[in-house]
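>>> everything below, folded, please.
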Amino acid sequence: MIKRIAITGPESTGKSLLSERLAGYYHTTWVPEFAREYIDGLDREYNQEDILKIARGQLRNENRLLKSANQYLFCDTELIVTKIWSEVKYNKCDEWILKKIEEHKYDFYLLCYIDIPWEYDPQREHPQLREHLFDLYLQEMTERNLPFAVVSGLGEERLKNAVKIINKNFVDHPLSFL
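Residues are numbered from 1 along each chain as shown. Predicted coordinates:
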């Protein structure tokens, strides 16, 4: 059975790079962040309805790419990201997203720590809220009693730390070294 591993956390914490590198390390598939593609395609500012479309698109891509995964599917973001994003931006979250968070579970979550320097990107909005946002993710993971670990480290160290966490939690994969 394929293990779904969500790479989650605040913006500019290396989720995309870590997802891609983990997929390469384990010779499997990763699901890119749908929000980036979606927002790049807009000819206007995004709105709250777009966050719901992004959540649906993320799950649709995840389900499509699951078919090509080998042992693990690494998901660059998940629906808690859309929940926190919507609540921070609009002070509310669509009920569909909340319902799907309860229904759509991952085998494990890697919560990316904020030790990577924030980098400007036109889609990033909150460099001053990194610690607050990380605390919101940590609270969600803890309150929902989700299986997770915080991954930290810069560059290659972050990848090595993530591999150690995955190998420790999934004994069906033999320990290997970078």
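>>> look at residue 124 and give its secondary structure.
Under DSSP: H, G, I helix; E, B strand; the rest coil, residue 124 falls in the coil class.
>>> hang on, isn't it packed against residue 13?
No - in this structure, residue 124 is not within contact of residue 13 by C-beta atoms under 8 Å, at 10.6 Å. All C-beta atoms are positioned from the backbone trio N, CA, C, and that covers glycine.
>>> pick out whichever of those two has more residues nearby.
Taking neighbours as other C-beta atoms under 10 Å, residue 124 and residue 13 compare with residue 13 leading, 25 against 12.
>>> relative to residue 117, how far out is that one?
Relative to residue 117, residue 13 is positioned 10 Å away (C-beta to C-beta, to the nearest Å).
>>> chain neighbours aside, what residue packs nearest to the residue positioned nearest the centre of the chain?
Computing the C-alpha centroid of the chain and ranking residues by C-alpha atoms, centre = their mean puts residue 77 first, at 2.3 Å. Nearest residue to residue 77, sequence neighbours excluded (C-beta to C-beta, 6 or more residues apart in numbering): residue 33, at 4.9 Å.
>>> tell me how many other residues crowd that neighbour.
21.
>>> per-residue pLDDT, it?
With respect to pLDDT, residue 33 has a value of 96.
>>> which residues touch it?
By C-beta atoms under 8 Å, 6 or more residues apart in numbering, residue 33 lies in contact with 15-16, 58, 76-77.
>>> swap in 6 Å and give it another go.
16, 76-77 (C-beta atoms under 6 Å, 6 or more residues apart in numbering).
>>> what do you get for residue 5?
Going by C-beta under 6 Å, 6+ apart, residue 5 touches 72, 74, 108.
>>> do you know how far the first one is from residue 57?
Residue 72 is 22 Å from residue 57, where distance means C-beta to C-beta.
>>> of the two, who's got more company?
Neighbour comparison, residue 72 and residue 57: the larger count goes to residue 72, with 23 against 15 (by other C-beta under 10 Å).
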